[in-house]
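1. could you work out the structure for the sequence below:
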Amino acid sequence: MNDTSDILYEKGRELITAAYEYWKEYQKTNPLDAVVWLKDTSGHMVLFTRGEYLSTIMKNIEPLSNEIPLNKPFEQ
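-> Numbers count the residues shown, from 1 in each chain. Alright, predicted model coming up:
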């Protein structure tokens, strides 16, 4: 990977880790909620969900996405 790819990979991994930590805390008081998102006042948003909702969500996001697949997927 080049420097830009390395930086994007590391930032993405940090985002996934932080979102999962948030998810675990959120689930302690809202265990039945399957889709959780955080939005700031500028409209930026992060969404976290369980795997069974992935295909439904992705069907709605893909037309808007310009996703570039990672060379190396994130591992948990």
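
2. who does the longest helix along the chain touch, helix- and strand-wise?
-> Using DSSP state H, we find that the single longest helix of the chain is helix 3-29. With contacts taken as 3 or more Cβ pairs under 8 Å, 6 or more residues apart in numbering; DSSP states H and E, helix 3-29 sits against strand 35-39, strand 45-49. The C-beta positions use only the backbone N, C-alpha and C, and glycine is treated the same way.

3. which parts of that helix are buried?
-> Of the residues in helix 3-29, 9, 19 count as buried by neighbour count, 16 or more other Cβ atoms under 10 Å.

4. gap between that helix and the chain center?
-> Relative to the chain's own centre, helix 3-29 is displaced by 7 Å; criterion: Cα atoms, centre = their mean, to the nearest Å.

5. helix or strand with the lowest mean pLDDT in the protein?
-> Every helix and strand in the chain was compared by mean pLDDT, DSSP states H and E; the lowest is helix 54-61, with a mean of 85.

6. residues making contact with that one?
-> Contact with helix 54-61 is made by 35, 47, 49, as judged by Cβ atoms under 8 Å, 6 or more residues apart in numbering.

7. chain neighbours aside, what residue packs nearest to the last one?
-> Once flanking residues are discounted, residue 49 sits nearest to residue 35: 4.5 Å by Cβ to Cβ, 6 or more residues apart in numbering.

8. the one you found: neighbour count?
-> With neighbours defined by other Cβ atoms under 10 Å, the count for residue 35 comes to 11.

9. equivalent analysis for residue 37, please.
-> Around residue 37 there are 10 other residues, counting by other Cβ under 10 Å.

10. surely it and residue 44 touch.
-> No: the criterion here is Cβ atoms under 8 Å, and residue 37 misses it with residue 44 at 10.7 Å.

11. quick one: residue 19 and residue 49 touch, right?
-> No: taking Cβ under 8 Å as the definition, residue 19 is not a contact partner of residue 49, at 10.0 Å.

12. and residue 33, how far is that from residue 46?
-> 15 Å (Cβ to Cβ, to the nearest Å).

13. meant to ask about residue 38, not that
-> Distance, residue 38 to residue 46, by Cβ to Cβ: 5 Å.

14. same thing with residue 63?
-> Residue 63 sits 20 Å away from residue 46, going by Cβ to Cβ.
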